[in-house]
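S.K.: Coordinates for the following, if possible.
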Amino acid sequence: MKVHFIAIGGSAMHNLAIALNRKGIEVSGSDDEIFEPSRSRLEKEGILPSAIGWDTTLIKPDLDAVILGMHARQDNPELMKSKELGIPIYSYPEYLYEQSKFKKRIVIGGSHGKTTITSMLLHACMKKGINVDYMVGAQLEGYDCMVKLTNEAEYMILEGDEYLSSPIDRRPKFHLYNPDVAIISGVAWDHINVFPTFENYVSQFDMFCSLIHKDGILIYNEEDSEVKKLGHKYSKKLETQAYATPKFEPTRTGTRLNYDGQFFELQIFGSHNLQNLMGAMHLANQIGISNQVFLNSMVDFTGAGKRLQKVSENESFVMYKDFAHSPSKLKATTNAVREQYPNRKIIACMELHTFSSLKKEFLPLYKGSMESADEALVYFSHEVVKHKKLSPITKELVVDCFGGDVLVLNDTQDVLSQLKSKSWKDAVLLMMSSGNFDGIDYESLGEELSK
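M.R.: Numbering: from 1, shown residues only. Model prediction:
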């Protein structure tokens with residue numbers, strides 16, 4: 001087998017390339033830019049392109065497949081030549097399906113919680129010694145590649161992203177996996193550049209449900225009103241299982257979970273994380289892991305990459321960083337920190353960084369999303385807005401959309417000055433972004449504030 005990657009340097013693409021290389025497939029690739037950590041990881045595997053740029057001489061008739069990344073354009077010269085030669089062209093999710101179509105596919109969908117649920121399920125499988133193939137959308141601690149493909153594994157665990165598949169395939173990725181078992185953790189409008197209305201966005205999850213195997217199972221979060229509607233709709237066609245937040249209480253080190261009269265001491269915290277835990281437990285049942293075994297396996301689970309990750313802590317101060325950027329994620333994460341630290345001052349900072357978050361029409365959805373914090377700070381860069389070719393936004397507009405006494409800043413140094421000027425006794429700092437506030441070193445900041 002010979003497979004060529006157009007835009008091999010992408011965060012998802014390079015993981016798939018590594019996985020196929022490890023499976024014994026001959027991998028080649030190209031890209032017009034490759035950044036770290038993709039570059040080093042591809043080089044270590046011996047599949048880093050010898051030169052940067054597109055090279056049509058790499059597209060040969062003996063290729064079995066070409067995998068096209070989102071970073072490439074529709075007029076990419078390698079893509080054009082692949083079409084001329086009649087080589088099968090796949091998007092990233094299409095090829096994952098090709099590699100798993102004879103396995104039992106478990107697909108984790110939802111606007112939020114996908115990576116955490118996937119991580120929990122993988123953690124339980126690892127503790128139980130169950131061999132599974134997988135694809136996760138974020139780098140997890142303890143894993144050197146976020147895609148695993150083998151001939152032996154019976155199960156394929158897939159994080160089901162609703163974003164587009166490729167430049168020439170406008171279907172959401174999770175529409176291509178055809179699950180045997182699926183979960184939806186929540187639906188909250190995102191990707192406004194692709195799904196222009198809330199109704200259009202919700203319809204993608206409806207379609208996802210319709211693609212579950214006819215003898216399959218839909219697991220759903222009944223505390224989310226949109227998801228509950230889908231659960232009820234598809235209960236007539238599929239086996240459905242609902243889950244909700246279990247009984248729990250915060251502890252100094254995390255959470256004490258009360259399930260079926262038994263107590264489990266966990267290191268994770270927050271209602272949304274406990275919801276995710278219940279969803280992952282239902283999925284684990286489908287792999288033959290009992291509730292008791294699953295919950296026991298979770299006592300040393302510390303969380304998914306970049307999700308409520310502790311940066312620094314002393315007796316009276318703790319700092320977390322989180323990937324949250326959409327309104328629902330901001331609300332869930334801030335509420336989780338408030339539940340865990342009811343008697344501390346909570347300062348929540350978020351960066352408007354994604355296309356959706358910086359769009360005028362989307363900003364009003366942030367109303368009240370950080371209201372459980374004592375102080376809220378929002379940062380955005382005018383340069384980023386300009387780079388994304390969006391209409392300019394003002395501090396006043398952001399303040400009005402978020403509501404409350406939110407402080408809005410446009411300069412990274414102003415953010416740092418604000419944070420360094422405060423007293424951090426009996427306080428929590430929560431930094432939320434899909435970026436890094438244009439250059440803030442979280443570890444250095446945490447170390448300085450903890451002093």
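
S.K.: doesn't residue 267 make contact with residue 254?
M.R.: Yes. Counting by CB atoms under 8 Å, residue 254 touches residue 267, with 4.2 Å between them. Using the backbone N, CA and C atoms, a C-beta is placed for each residue, glycine as well.

S.K.: Looking only at neighbour counts, state which of these two leads.
M.R.: It is residue 254, of residue 254 and residue 267, that has more neighbours when counted by other CB atoms under 10 Å, with 20 against 15.

S.K.: And stretch 174-181, end to end?
M.R.: Its first and final residues considered, stretch 174-181 spans 13 Å by CA to CA, to the nearest Å.

S.K.: Show me how this structure divides into domains.
M.R.: The chain is divided into the following domains under automatic domain parsing: 2-87, 95-300, 309-450.

S.K.: give me phi/psi at residue 416?
M.R.: Torsion angles at residue 416 (phi, psi; degrees, to the nearest 10) stand at phi -60, psi -40.

S.K.: In contact with the nearest residue to residue 111 once chain neighbours are set aside, which residues?
M.R.: In this structure, residue 111 finds its nearest non-sequential neighbour in residue 188, 4.4 Å apart by CB to CB, 6 or more residues apart in numbering. Going by CB atoms under 8 Å, 6 or more residues apart in numbering, residue 188 touches 111-112, 326-329.

S.K.: so residue 188 is in which element?
M.R.: Using DSSP states H and E, residue 188 maps to neither a helix nor a strand.

S.K.: so how many other residues sit close to the closest residue to residue 53 other than its chain neighbours?
M.R.: Spatial nearest neighbour of residue 53, chain neighbours left out: residue 32 (5.7 Å); criterion: CB to CB, 6+ apart. When neighbours are defined as other CB under 10 Å, residue 32 has 13 of them.

S.K.: From residue 83, how far off is residue 32?
M.R.: 19 Å (CB to CB, to the nearest Å).

S.K.: same thing with residue 419?
M.R.: Taking CB to CB, one finds residue 419 at 52 Å from residue 83.

S.K.: Comparing these two, which shows the higher neighbour count?
M.R.: Taking other CB under 10 Å, residue 419 and residue 83 do not tie; residue 419 has more neighbours (19 against 13).

S.K.: Could I get the contacting residues of that one?
M.R.: So residue 419 contacts 347, 349, 429, 445, 449 (CB under 8 Å, 6+ apart).

S.K.: mind redoing it with 10 Å?
M.R.: Residue 419 makes contacts with 319, 347, 349, 377, 429, 431, 440, 445, 448-449, as judged by CB atoms under 10 Å, 6 or more residues apart in numbering.

S.K.: again with residue 248
M.R.: 254-259, 263-264, 266, 268-271, 273-274, 277, 339.

S.K.: wait, doesn't residue 27 sit right on residue 19?
M.R.: Yes. Counting by CB atoms under 10 Å, residue 27 does reach residue 19; the two are 9.5 Å apart.

S.K.: Quick check: residue 377 is in a strand.
M.R.: Yes. Remark: residue 377 belongs to a strand, assigned using DSSP: H, G, I helix; E, B strand; the rest coil.

S.K.: Distance of it relative to residue 151?
M.R.: Counting by CB to CB, the gap from residue 377 to residue 151 is 51 Å.

S.K.: So for the two, which residue has more residues nearby?
M.R.: Counted by other CB under 10 Å, residue 377 and residue 151 do not tie: residue 377 has more neighbours, with 21 against 10.

S.K.: Residue 406 versus the more buried one, what's the distance?
M.R.: With CB to CB as the criterion, residue 377 and residue 406 are 7 Å apart.

S.K.: Disregarding flanking residues, what is the spatial nearest neighbour of residue 275?
M.R.: Nearest to residue 275 is residue 245, by CB to CB, 6+ apart, at 5.1 Å.

S.K.: Measure how buried that neighbour is and give me the count.
M.R.: Residues lying near residue 245 (other CB under 10 Å) number 17.

S.K.: Residue 118 versus that one, what's the distance?
M.R.: According to CB to CB, residue 245 stands 19 Å off from residue 118.

S.K.: How about residue 139?
M.R.: For residue 139 relative to residue 118 (CB to CB), the value is 12 Å.

S.K.: Now residue 103. Its backbone dihedrals?
M.R.: phi -110, psi 170.

S.K.: How many residues are close by it?
M.R.: Counted with other CB under 10 Å, residue 103 comes out at 18.

S.K.: OK, contacts around residue 249?
M.R.: 255-258, 263, 339.

S.K.: who's in contact with the residue most central in space within the chain?
M.R.: The centroid of the chain falls nearest to residue 115 when counting by CA atoms, centre = their mean (4.7 Å). The neighbourhood of residue 115, defined by CB under 10 Å, 6+ apart, consists of 108, 136-140, 146, 159, 161, 276, 303-307, 323.

S.K.: And the furthest pair within those residues?
M.R.: Comparing all pairs in the contacts of residue 115 by CB to CB, the longest separation belongs to 161 and 303, at 19.7 Å.

S.K.: phi, psi of the closest residue to residue 345 other than its chain neighbours?
M.R.: For residue 345, ignoring the flanking residues on the chain, the nearest one in space by CB to CB, 6+ apart is residue 427 at 4.4 Å. Residue 427 has phi and psi values of phi -140, psi 160 when expressed as degrees, to the nearest 10.

S.K.: If any of the contacts of residue 248 are buried, give me the ChimeraX selection for them.
M.R.: The buried residues among the contacts of residue 248 can be selected in ChimeraX (16 or more other CB atoms under 10 Å) with this line:
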select :254,255,257,259,264,266,268,269,270,271,273,274,277,339
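
S.K.: wait, what's in contact with the residue nearest to residue 345?
M.R.: Here residue 427 is in contact with 316-319, 341, 344-347, 374-375, 449 (criterion: CB under 10 Å, 6+ apart).

S.K.: Adding neighbour count as columns, could you present the residues you listed in CSV?
M.R.: Conversion of those to CSV gives the following (neighbours: other CB atoms under 10 Å):
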residue, neighbour count
316, 12
317, 19
318, 22
319, 25
341, 17
344, 17
345, 16
346, 20
347, 21
374, 13
375, 18
449, 19
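
S.K.: Looking at these, which are in helices?
M.R.: Among these, the members found in helices (DSSP state H) are residue 449.
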